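# kindly return the folded structure for what I paste below:
(chains A and B)
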Amino acid sequence: MGLFKSLYKVLRDTGIITRRNLMRYVRLPRLLFFSSIQPVMFLLLFNYVFGGALASSIHVPGGKYIDYLLPGILVQMVMFGGVQTGIGLADDMSKGIVDRFRSLPMSRLAVVAGRTLADAVRNVVVVLIMIAVGYLIGFHFHSGPVDAVGMVGVAVLFGYALSWVFALVGMAVHDPETAQLASFVFIFPLTFASAAFIPVQTMPSWLQVFVRNQPVTFVANSARHLALGVPDGGATWKILLWCIGLLVVFIPLAIRQYQRAVA
Amino acid sequence: MNAFETKHLLKRFGELKAVDDVTLIAPENKIFGLLGPNGAGKTTIIKVLSTLHVPDKGSAQVLGFDVVEEPQKVREAIGLAGQYAAVDEFQTGYENVYMTGRLYGLGRAEAKKRTDELLERLDLKEAANRPVRTYSGGMRRRLDVGASLVGRPKVLFLDEPTSGLDPKSRLDIWQIIRELVQAGTSILLTTQYLEEADELADQIAIINKGKVIAEGTSDELKTQLGGDIVEFGLENAGDQARAMEVAHKFSKAAPSFNETTLQLAVPVAHGAKSLAEIAGAVSNANLKISTLSLHRPSLDDVFLALTGDKTEQPKSASTANRRPF
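The predicted structure follows:
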């Protein structure tokens, strides 16, 4: 088969699977409703519960916690979105749909790629809803539209790279509940022990060593840089390298796991 | 060219040999029945043939293509419908079949035409635009079979297509299977229902604990067990000893007695003649009987004789209407 023909097949099949996964939100609007309400709830809780106590220790132009918080909480939410990739694939496996797909003469990449892309689309929608709600409660971009789009891009790209990590996890455990539990074991320490919500210098020094060097801090600092114009200390190129690294390592691993996946 | 064949196929899961040295040859345009209880290895064989499992030893081919060497060629030739209906709950019946058609490589127009055709034929036309989660079990199973047919497979693998279905839905699926074979499809059908194999399969392999324990046509398997059986039912359980005495006189092998139904099964050499003689002897012995009949051995009898294992005997469709897990 020619290169163009196989490339066409990968794109066509990935498109079909992406559409199939997004169709779930169309058919079950309450799924989309609740998957957007949770991030909004986090945003409101963090802003009004922690905001008062934290406002004094943060340093952003204008000094409003919501400005500091929004880029960080976006990062957390795109990470939760990545977890959905693993849960969705585990669910498909447990229901036998992956068996059907694997018995078809379709692209070996499409099932996982179509799932990660659908979750990325969902992440974009969730991020836009959060920014809109953020504006209602006082958030605003301190930078131009290009940087604002850049912030969305960095956050969604990071969520996309993590999607492939969780795809591997989900297909390895092939059970939606276990996939969820296994993923959150990683997600919670990574998001809370990071610059996503709280300034790093307020943490104990031994913890700062970890926090300053882990990707969630990079993506949070990069998003904050793009939203607020504060210096990123090199976080943006570091997180881009992290995303490329994750994709290079985990796309082949996830595809290999898919080829072996049997319900 | 054979529809499919396996040679000394072995598949292990940890310590367990799920499929142990299985050699099968299925001619084209026939129904090959794989009959066995739960956990016998039927599904594993289908998963190897449909490229989902890689065999540990031995080989498997579909239409001459090796499942390990040329899996994409195999996938182009096959359709697979599983025990659980592998359809997407959130899409409509139409979307499920259409999507599968597109993934087989059909163009948009052809996929649409084929989907319309299949939904019509499977009696799902009216439900075509409803999400699958509103479908009944029988409808899902028909849809699953429909999705497996959309690419016009030359070889179709049906893994327990009727388990858990009500009698009407089972007959529907049987009819579809017969039509497919008439249209030139080769089918591998696994079942734990003896009647189903008897009714549909041109050739049957009986499998137990990963091994093929008998193979042949339904008639050949019944003949293997030998001749006819006279059965009679007792009215009083207390007559068992005397009845067995009578039975032994005419029996060419050990007669058996079912304590629940009070039925004696007597393997006989001369069919109707033996029936008449037994009737006379029963009457002379003053035994009160409720039934008396002559019949050829069923696949049930064949299976029991082969495995000697009552606990893992395949179900007969009339008594089993639960899903196997």
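# can we go C-alpha only for contacts and neighbour counts from here?
Fine.
# for the stretch 151-263 of chain A, which spans come out with low pLDDT?
Where the stretch 151-263 of chain A drops to pLDDT under 70, the residues are A:262-263.
# and the helices in it, which stretches?
With helices called from DSSP state H, counting those that start in this stretch, the stretch 151-263 of chain A shows them at A:176-192, A:205-211, A:215-228, A:235-260.
# need the ones you listed in JSON lines with distance to B:Asn96 and mean neighbour count, can you?
Below are the helices of the stretch 151-263 of chain A laid out as JSON lines (distance: least, C-alpha to C-alpha, whole Å; neighbours: other C-alpha atoms under 10 Å in any protein chain shown):
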{"stretch": "helix A:176-192", "distance to B:Asn96": "22", "mean neighbour count": "17"}
{"stretch": "helix A:205-211", "distance to B:Asn96": "46", "mean neighbour count": "14"}
{"stretch": "helix A:215-228", "distance to B:Asn96": "39", "mean neighbour count": "27"}
{"stretch": "helix A:235-260", "distance to B:Asn96": "21", "mean neighbour count": "17"}
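# how about the residues of chain B that lie near chain A?
B:50-53, B:72-73, B:75-76, B:78-82, B:84-88, B:90-91, B:99, B:102-105 (C-alpha under 8 Å from any C-alpha of the partner chain).
# outline the domain layout of chain B.
B:2-222, B:227-296 (automatic domain parsing).
# what about the first one, start to end distance?
Length of domain B:2-222, first residue to last, C-alpha to C-alpha, to the nearest Å: 25 Å.
# just how off-centre is the helix or strand containing A:Val40 within its chain?
In the assignment (DSSP states H and E), A:Val40 maps to helix A:29-45. Offset of helix A:29-45 from its chain centre (C-alpha atoms, centre = their mean, to the nearest Å): 15 Å.
# can you point out the buried residues in the next helix or strand after it?
For helix A:29-45, the succeeding helix or strand toward the C-terminus, using DSSP H and E, is helix A:51-54. For helix A:51-54, a neighbour-count test (16 or more other C-alpha atoms under 10 Å in any protein chain shown) marks A:Gly51 as buried.
# just checking, what packs against helix A:51-54?
helix A:65-94 (3 or more C-alpha pairs under 8 Å, 6 or more residues apart in numbering or on different chains; DSSP states H and E).
# quick check: angle from the helix it packs on to helix A:176-192?
If you take axes from the mean of the first three to the mean of the last three C-alpha atoms, to 10 degrees, helix A:65-94 sits at 160 degrees to helix A:176-192.
# is helix A:65-94 up against chain B anywhere?
No: for helix A:65-94, no contact with chain B is found by C-alpha under 8 Å from any C-alpha; the gap never falls below 8.8 Å.
# what does the next helix or strand after that helix contact?
Counting by DSSP H and E, the next helix or strand C-terminal to helix A:65-94 is helix A:97-103. Residues outside helix A:97-103 that contact it (C-alpha atoms under 8 Å, 6 or more residues apart in numbering or on different chains) are A:92-93, A:108, A:111, A:259, A:261-263, B:50-52, B:75, B:78-81, B:86-88.
# buried members of those residues into ChimeraX, please.
Here is the ChimeraX selection string for the buried members of these, based on 16+ other C-alpha under 10 Å:
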select /A:92,93,108,111,261,262,263 /B:50,51,52,75,78,79,80,81,86,87,88
